[in-house]
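>>> Show me the folded form of this:
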Amino acid sequence: MVAASPHRGEFPVARRPDIVLHADAPIHLPEEPTQARRFGKTRTALSTAVLEDYAELIADLLAANGEARPTDIARRLGVSHATAIKTIARLKREGLATARPYRGVFLTEAGEALAARVRARHRTVVDLLLAVGVPPEAAEQDAEGLEHHVSDATLAAFSRFLRARKG
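Modelled structure (predicted):
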């Protein structure tokens, strides 16, 4: 349910009377090549995010259980078994994973490196969100999406900010 806005030029956010977005903010369209490049990076990040999530989960399952079975992966990611199998096949094609009959999925060196990078990105994003007052559960949830889309430059800025806060 969306409540009526008390102010002209503003629109409310559903069920969040404490947040008001300004609809009359000026619009600045970037040049077409710049905008196309930005959207292209987003599309690539969306495609890569799936592989990153799988690599990170496989690494976690291997560390916790000694194995990462497609059934467990599917359940934990909330996808069908068929979807998990297709994505695992993609990980294998990309040289990030191997599979052994009746033994599950294992990461290659490249897959382990990817999982470690994603985990570090995740931790940095969570730490930043916590530092600005986001509740822990929301920070973990939001980091799942943000970790795949922030640039290395943005991530480095997050890290500098966090280091400056500690020091």
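
>>> contacts, neighbours, all on C-alpha from now
Fine.

>>> What strand or helix carries the residue minimising distance to the centre of the chain?
Geometric centre of the chain, nearest residue: G145, 3.0 Å, by C-alpha atoms, centre = their mean. Here G145, judged by DSSP states H and E, is contained in helix 136-146.

>>> cool, A157 as well?
A157 belongs to helix 152-166 when elements are defined using DSSP H and E.

>>> At which residues are the helices of the chain located?
In the chain, the helices defined using DSSP state H lie at 32-65, 70-77, 81-93, 109-131, 136-146, 152-166.

>>> Where among the ones you listed is average confidence lowest?
Here the lowest mean pLDDT among those goes to helix 32-65, at a mean of 82.

>>> packing partners for that helix?
Judged by 3 or more C-alpha pairs under 8 Å, 6 or more residues apart in numbering; DSSP states H and E, the packing partners of helix 32-65 are helix 70-77, helix 81-93, strand 104-107, helix 109-131.

>>> mind listing what's buried in it?
Within helix 32-65, the residues that count as buried by 16 or more other C-alpha atoms under 10 Å are 45, 49, 51-62.

>>> okay, those residues in JSON lines with distance to R165 next?
Formatted as JSON lines, the buried residues of helix 32-65 follow (distance: C-alpha to C-alpha, whole Å):
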{"residue": "A45", "distance to R165": "29"}
{"residue": "A49", "distance to R165": "29"}
{"residue": "L51", "distance to R165": "33"}
{"residue": "E52", "distance to R165": "29"}
{"residue": "D53", "distance to R165": "29"}
{"residue": "Y54", "distance to R165": "32"}
{"residue": "A55", "distance to R165": "31"}
{"residue": "E56", "distance to R165": "28"}
{"residue": "L57", "distance to R165": "30"}
{"residue": "I58", "distance to R165": "33"}
{"residue": "A59", "distance to R165": "31"}
{"residue": "D60", "distance to R165": "30"}
{"residue": "L61", "distance to R165": "33"}
{"residue": "L62", "distance to R165": "34"}
